[in-house]
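Colleague: Got a sequence here, can you build the structure:
(one chain, ligands or ions: 1)
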Amino acid sequence: MNILASIEKYADSQRERTAFKSRTGEITYGELWERSGRLASEIENRMRDNRDPVIVYGHKDPMMIVCFLACVRSGRAYCPVDINTPAERIAQIAETIGEPLVLTANRSSAGNGIDISELLQGSGQVIGYEEIQNLPEAGDSVTKLKPCTGDDVFYIIFTSGTTGRPKGVRITTDNLNGYLSWAVTLAGGIEKQSVFVNQAPYSFDLSVMDLYPCLAVGGTIVSVDSMLQKDNSELMEYLTGKGVNYWVSTPSFASICLAEDRFCAELMPELKGFLFCGEVLPCGTAHSLIKRFPEAKVINTYGPTESTVCVTEIEITEEMAAGSEPLPVGKPRPGTRIELDPETSEIIIIGDTVSPGYYKEPEKTAKVFFTADSENPGEGFGENSVSRAYRTGDRGRFDAGGNLCCDGRIDNQVKLHGYRIEIEDIESNLAGVPGVRRGAVAPRISDGKVESLTAFVIREDETITDDYAGRKSVRLALKEKMPSYMVPKRIIFVEDLPVTNNGKLDRNKLKEMA
Ligand code: AMP
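Modeller: Numbers count the residues shown, from 1 in each chain. Prediction:
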C-alpha cells in the first residue's frame, strides 16, 4: 500500500467524488489533491531546510485533511491538535517541537477559543485558514516536492504521559502503509468507494482507522463534530440518507447512540461493519448492535497508538456477545507477532507497525521500545527479520481458540470514554494547583469499565477553606492544564492518603474509596 499514490490516483480517476464531508463543508478528491499540493509548496517555500513536524490545529473541517496531506507531501510529519485542547497542553506540544509552523484548519476560534498566534508569542509561524483557502496555484514547484516515504515520520500523535506532559508517538510512512494493507481487509474486505463515519478527533489515533482506509478505497468520510456528538437526536438526523457502510468509533460512543431507538438498520441500511478499537468492548454493547444491525459485522480490534492504531481483530458473534466478559480481541495481523512476558503476562507487540519511539524522548522510548530478533517469524515476517517491539503495559492471555484477551493494565493507565489517561499525568498537574499539598486519583470501576475518576486532595492549611468553593477552584485550575475529559468528576478533600506497609501510595485502597 502507498497511501499518497492511491489518493493521487483517485484525484485523477474520480475527481468529482466527495472525499470528506462534515457540517462545515465538503471536498472532492480533485480538490483535496490540488489544494494540498498548493499548501505543500507554500510549506516548502517557508520552511526550506527545516524538516520539523508541522502542527495542524483544527477539528472536523475538510481543510484538516488538506493540511495533513500538504505536510506529508512536503516531506514533513504533521501533528494534529484538536481545538478542544487547553492552551497549556498546546503550548507544551509547541515547546517540544521548538518553533513550529502551525496550520490553522479551523474557520473560527470555536472550541477553546484560543488564538494560536497569541499562544505562540512570536516563536513559530502560523498559516491561517483564509490564507490556506486562497493560496495561488503551485505550478511547477509541486513536482519538485519530496513527499514522506519509508522511515520518514508521517504523523505524530501526542498522548497522556506520566510526567504531566503529553508525549508524541511517531508513526512512519511504512508503519502507516503496513497497517493500511491489513486495515482494508477488515470486516471481510472494505469495498471500493465505501462511506465511513468518523467520530474520533484527529488528535486521537482511532481517527486513522477511518481516514486512511477510507481514502485508500476512494471512499467518502462522513465526519461527526464534537457538538453533534452531544446531541443524539440531531446526530440521527445527520446520518439519515448518508449511505454509511462502516462505522468507526469507540465502543463508548456506540453505546451512547444505542440510547436512541432510531439507531438501527433503518437509519443505516447499507451498513456492513462496526470497527471498534481503543477500549474494552462490553458484551452488552456488542449484543445490542448485532440485534439492531443484523447485516453488519461487529469487529473488535486491539492496539495502542504506538503500534499504529491496532494490530489484532476478531468478528464478535452473537454467541460471544452472550458469553462472559471480556470479549477477545482476536488474532494478530500478518506482519505482527504478539508475545506475553513470561513473568507479568504483559502484551508485547512485535512487527512492522511499531513506532520508532516517542518524539525527542530517548529515555521514555528506551523504557518501552526495543528491537526483537525474529527467531520464529510469524506470517508476514521475512526470514531472520529484525523488528521493532513495544511493551504495551496491557496484561494479556490467549483463550482456547488462540485469541488474545486483555485483562487490564500492569500500570496506572486508564481508558475513560475511550480516552487514554495516565493517572500520574493528572496527579502531577494536581500537585501544581494553588492550595493543593498533594493529590491522588483513582478510577471508579463498574462492570470492569472505568466510569469516572475521583481525586483525593490534601489541601494546604490556609488556602482552601470552603469545600464547595475549593472543589470548584481545583477543577477550574485543572481545566486550564488538561483536556476536560481528564479532569476528575469528583474531588474529595482528605487529611491523609492511604499507604501500604512499605509506605507507598495504596492505590487499591484508593480504588475502594472511589
Ligand atoms: P490508544 O493508544 O489510545 O489507542 O490506547 C491503547 C490502549 O487502549 C491499549 O493499550 C489498551 O489498554 C486499550 N485498548 C485498545 N483496544 C482495546 C480493546 N479492544 N479491548 C480492551 N482494551 C483495548
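Colleague: Grab the nearest non-local neighbour of the residue in the stretch 101-250 of the chain positioned nearest to the ligand.
Modeller: Here the stretch 101-250 of the chain gets closest to the ligand at one residue, residue 205, 5.5 Å apart by CB to the nearest ligand atom. C-beta here means a position set from N, CA and C on the backbone, and glycine is covered the same way. Distances taken as CB to CB, 6 or more residues apart in numbering put residue 305 closest to residue 205, at 4.3 Å, once the chain neighbours are dropped.
Colleague: which ones are touching the one you found?
Modeller: 157, 159, 169, 171, 205, 355, 420 (CB atoms under 8 Å, 6 or more residues apart in numbering).
Colleague: go on, residue 339?
Modeller: Counting by CB under 8 Å, 6+ apart, residue 339 makes contact with 347, 348, 350.
Colleague: Among these, which one sits closest to the ligand?
Modeller: Closest to the ligand, out of all of these and judged by CB to the nearest ligand atom, is residue 347, at 7.8 Å.
Colleague: Tell me, how many residues neighbour that closest one?
Modeller: Residues lying near residue 347 (other CB atoms under 10 Å) number 28.
Colleague: hang on, it packs against residue 405?
Modeller: No - contact between residue 347 and residue 405 fails when scored by CB atoms under 8 Å: they sit 9.9 Å apart.
Colleague: Mutual contacts of the two, please.
Modeller: With CB under 8 Å, 6+ apart as the test, residue 347 and residue 405 both reach residue 396.
Colleague: who's in contact with stretch 228-236?
Modeller: 23, 199, 224, 238, 253, 256, 257, 259, 260, 262, 263, 267.
Colleague: residues in the stretch 351-500 of the chain within reach of the ligand, list them.
Modeller: Residues of the stretch 351-500 of the chain lying near the ligand by CB under 6 Å from any ligand atom: 392, 394, 406, 415, 420.
Colleague: Is the last one in contact with residue 409, as I believe?
Modeller: No - here residue 420 does not reach residue 409: they are 10.7 Å apart, not a contact under CB under 8 Å.
Colleague: who has more neighbours, the two?
Modeller: Between residue 420 and residue 409, counted using other CB under 10 Å, residue 420 has the larger neighbour count: 19 against 15.
Colleague: all strands for the stretch 151-300 of the chain, in order.
Modeller: Assigned by DSSP state E, counting those that start in this stretch, the strands in the stretch 151-300 of the chain fall at 153-159, 167-172, 195-198, 220-223, 246-249, 273-276, 297-302.
Colleague: Each with direction, which strands does the second one pair with?
Modeller: What it means is strand 167-172. strand 153-159 (antiparallel), strand 357-358 (antiparallel) (DSSP bridges).
Colleague: quick one: buried residues of the helix or strand following the shortest one?
Modeller: Beyond strand 357-358 on the C-terminal side, the first helix or strand identified by DSSP states H and E is helix 362-368. Buried residues in helix 362-368, defined by neighbour count with 16 or more other CB atoms under 10 Å: 364, 365, 368.
Colleague: returning to what we had before: now, which of the contacts of stretch 228-236 lie within helices?
Modeller: Residues of the contacts of stretch 228-236 located in helices (DSSP state H): 238, 253, 256, 257.
Colleague: Residue 96 and the ligand: what is the separation?
Modeller: With distances taken as CB to the nearest ligand atom, to the nearest Å, residue 96 is found 18 Å from the ligand.
Colleague: What is the neighbour count of that residue?
Modeller: 20.
Colleague: so who does it touch?
Modeller: 165, 168, 359, 360.
Colleague: and the second one, how many neighbours?
Modeller: Residue 168 is flanked by 24 other residues according to other CB under 10 Å.
Colleague: That one contacts residue 356, correct?
Modeller: No - Residue 168 lies out of contact with residue 356 (CB under 8 Å); the separation is 11.6 Å.
Colleague: Please list the residues of the stretch 1-150 of the chain that sit near the ligand.
Modeller: Residues of the stretch 1-150 of the chain lying near the ligand by CB under 6 Å from any ligand atom: none.
Colleague: Okay, and which of the residues of the stretch 351-500 of the chain next to the ligand map to strands?
Modeller: Among these, DSSP state E puts 392, 394, 406, 415, 420 in strands.
Colleague: okay, those residues in a markdown table with pLDDT next?
Modeller: What follows is those, written out as a markdown table (pLDDT from 0 to 100):
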| residue | pLDDT |
| --- | --- |
| 392 | 98 |
| 394 | 97 |
| 406 | 96 |
| 415 | 94 |
| 420 | 94 |
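Colleague: For the stretch 151-300 of the chain, give me the ranges with low pLDDT.
Modeller: By pLDDT under 70, the stretch 151-300 of the chain has no low-scoring segment.
Colleague: got it, and the stretch 1-150 of the chain?
Modeller: In the stretch 1-150 of the chain (pLDDT under 70), the answer is 108-112.
Colleague: which residues in it form strands?
Modeller: Using DSSP E, counting those that start in this stretch, strands in the stretch 1-150 of the chain cover 18-22, 25-28, 54-58, 78-82, 101-105, 125-127.
Colleague: can you list these in a markdown table and add mean neighbour count?
Modeller: Formatted as a markdown table, those follow (neighbours: other CB atoms under 10 Å):
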| stretch | mean neighbour count |
| --- | --- |
| strand 18-22 | 22 |
| strand 25-28 | 17 |
| strand 54-58 | 27 |
| strand 78-82 | 25 |
| strand 101-105 | 25 |
| strand 125-127 | 18 |
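Colleague: circling back to that earlier point, quick check: phi and psi on the residue nearest to residue 205?
Modeller: phi -50, psi -40 (degrees, to the nearest 10).
Colleague: how close does residue 230 get to residue 257?
Modeller: Distance, residue 230 to residue 257, by CB to CB, to the nearest Å: 12 Å.
Colleague: repeat for residue 425
Modeller: 29 Å.
Colleague: Which residue would be the closest one in the stretch 401-514 of the chain to the ligand?
Modeller: residue 420 (3.6 Å).
Colleague: Highest neighbour count among the contacts of stretch 228-236?
Modeller: Of the contacts of stretch 228-236, with other CB under 10 Å as the count, residue 199 tops at 25 neighbours.
Colleague: and the nearest residue to residue 432 once chain neighbours are set aside, how many residues sit next to it?
Modeller: Nearest residue to residue 432, sequence neighbours excluded (CB to CB, 6+ apart): residue 481, at 7.3 Å. Number of residues near residue 481 (other CB under 10 Å) recorded here: 21.
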